[in-house]
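the following comprises the amino acid sequence and a computationally predicted model.
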Amino acid sequence: MRVIVLGAGGMGSYAARTAAGLSFIDELVVGDLDEAAAQRLAGTLGMNASGVKVDVTDHESLKALLTGADAVLNSVGPFFRFGPPVLRAAIDAQTHYLDINDDWESTEAMLALHEEAHSAGITAVIGMGASPGISNLLARLAMAELDEVDEIIAGFDLDAAMPEELGDKPAAATIHGLHQLSGRIRVFENGDFAEAKPLRRVDFDYPGLGPRCGWTMGHPEAITFPRSFPDLRSARVVMTMDTGNRIGVRVVCSLINAGLVSLERAAAWVERLEGVGKPVKTPADYVDELLEAGKAKLPPLFAIALGKRHGESASAAAAVRSAPPVGMGGATGVPLATALGVIRPDGECKRGVFAPEAIADPRDFFDALAPLCDPVCRNGDDLTIVTRSWEATDLATVLSSRP
C-alpha cells in the first residue's frame, strides 16, 4: 500500500512514524511545503520513504502527487482554510483520505462532498485525531450504556491542546483554537442547528465526579453527532482551561471580534500567554490532580451521553486513562494513522465522507491504539474507562488503578 502523509510538522511526523509501523504499508511519501523538512522526516522512518515538496493550495500539483497512491493522511491545517480543497484533490485523484480536521465550517463543507466521494469510489474519514476522533469514539462507548440518548457532550482540556514548541509563526492548532472561540459557532440544541457565541458556560454532572462545567467552542463533534445519531436533541463541545488562561483568551477573542487584531497575531500572543514549551502534562499528571483532596479535575478528554436507561433518566461517561506520547502531536497524529489500519479503506468499506463515529468500530480502534500509548495499555478495555450514573464510582480511584 502506498500512503501519502501531508505535513511534516508536529502532528504529521507522529502520523508518519505510526504509519511506518503498519505492516501493510509498502511505501510512504511525506509531502510538505518545506521540502527539506519532508526529507528529514522521511529519512527517520526506516522504510521505503521519501520526502517531496508540495503546495496544498495548488490543486493540480497536489492531485498529481495523490494520483496512484492508495491513501492520504492529511495533517495540514488550519482546516477551515485547507481541508476542503485537499479532500477535493483526493476525490479527483481517487485516493482514500483521512485527516484531523477540527473546524466545524470545513466539516460541513467536506460532508457536503459525500456523493462526489462515493461516486469516485473513495472513503474519506474527517476528524480522526484526539478531538475530534478519540472523543467521537468515546461518545460511542458512553452511548452504548443507555437505551435512549438525548444529549452528547464532548470535552477536552484546551491547556493540554497547546503545541509543545514555539515556532517562527503560530501553530495552525493555535489559530484554529482562537478561530473557534471567536465570532459565531454552529451549535445543535433543542433538536436543531443554530449559530451562537462561543465561551458559554455549560453545567453538567460527570458520573464518578459530580457537578462540573465547561465552556463552549466551535468543533466538528457538534456537527457530526446529530447527523450520525438523528434522535439526538443536543450535541455540544466544551473545553476546560485554567481560570487565568481562560480570562486571557476571552480578552484576546474580544479583540479579534472587534477587528483590532488578526488571528495570527492573537495566536502568537496566546502561545506566549499560555506558556508553550512548558513540560507537557501526561494522563498520569491528571490522575495525580484527581487524587488531590478537593481537586477532582475533569479528564483531559471525555464524552458524556445523557438519556434513559430502563425508562429512567441516566448518563454515562467515557474517558481514556493513557494517551500516545508526546503531547498534542502524538495524541492527534497517532490516532490518524491508527485509524487507517482499523478502517482499511482499500478493502471492503463504505464509500463517501464520514465522521469517525459513523465508520470506525470503537472497540477495534481502542484495541489498536492501546499499545501505542504511554503508559502502554493491554487493550481497549484497559485504555478506556466508562462510568455510569447508576453506579457508585469514584473516577479518581478508578483512573489510578489498572484492571
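Cool, got the structure. Residues are numbered from 1 along each chain as shown.

could you list the low-pLDDT ranges of the chain?
Counting by pLDDT under 70, the ranges of the chain that qualify are 161-167, 273-296, 400-403.

centroid-wise, who is the farthest residue in it?
Here the centre of the chain is the reference, and by Cα atoms, centre = their mean the most remote residue is Gly311, at 33.0 Å.

so what's the residue count around the closest residue to that one other than its chain neighbours?
The shortest distance from Gly311 to any non-neighbouring residue, by Cβ to Cβ, 6 or more residues apart in numbering, is to Asp147 (7.9 Å). C-beta coordinates here come from the backbone N, C-alpha and C atoms, glycine included. Close neighbours of Asp147, defined as other Cβ atoms under 10 Å, add up to 11.

again, but for Gly259
Neighbour count for Gly259, taken as other Cβ under 10 Å: 7.

repeat that for Asp231.
Neighbourhood size, Asp231 [other Cβ under 10 Å]: 10.

Asp381 now?
Using other Cβ under 10 Å, Asp381 has 14 other residues around it.

and it, how far is that from Glu195?
Asp381 is 40 Å from Glu195, where distance means Cβ to Cβ, to the nearest Å.

what about the strands in the stretch 151-300 of the chain?
Per DSSP state E, counting those that start in this stretch, the stretch 151-300 of the chain carries strands over the ranges 185-189, 192-196, 201-206, 210-216, 234-240.

check contacts around Lys63.
Counting by Cβ atoms under 8 Å, 6 or more residues apart in numbering, Lys63 touches Ala89, Asp92, Ala93.

and it, that one's in a helix?
Yes: counting by DSSP: H, G, I helix; E, B strand; the rest coil, Lys63 falls inside a helix.

the stretch 201-350 of the chain: helices as residue ranges?
Under the criterion DSSP state H, counting those that start in this stretch, the stretch 201-350 of the chain contains helices at 221-228, 243-257, 263-273, 283-291, 327-343.

go ahead and confirm the residue nearest to Gly311 touches Glu312.
No: the criterion here is Cβ atoms under 8 Å, and Asp147 misses it with Glu312 at 9.6 Å.

picking that back up, filter the contacts of Lys63 down to just the ones in helices.
Mapping the contacts of Lys63 onto helices (DSSP state H) picks out Ala89, Asp92, Ala93.

would you format the residues you listed as a markdown table with distance to Gly68 and neighbour count included?
Below are the ones in helices among the contacts of Lys63 laid out as a markdown table (distance: Cβ to Cβ, whole Å; neighbours: other Cβ atoms under 10 Å):
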| residue | distance to Gly68 | neighbour count |
| --- | --- | --- |
| Ala89 | 13 | 25 |
| Asp92 | 13 | 17 |
| Ala93 | 8 | 21 |
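
and the residue nearest to Gly311, its phi and psi?
phi -80, psi -40 (degrees, to the nearest 10).

what does Thr107 give?
Dihedral pair for Thr107: phi -60, psi -50, per degrees, to the nearest 10.

ok, Thr44 to Leu146 distance?
Distance, Thr44 to Leu146, by Cβ to Cβ: 45 Å.

compare the two (neighbour count), which wins?
Neighbour totals were compared for Thr44 and Leu146, and Leu146 leads with 20 against 12 (other Cβ under 10 Å).
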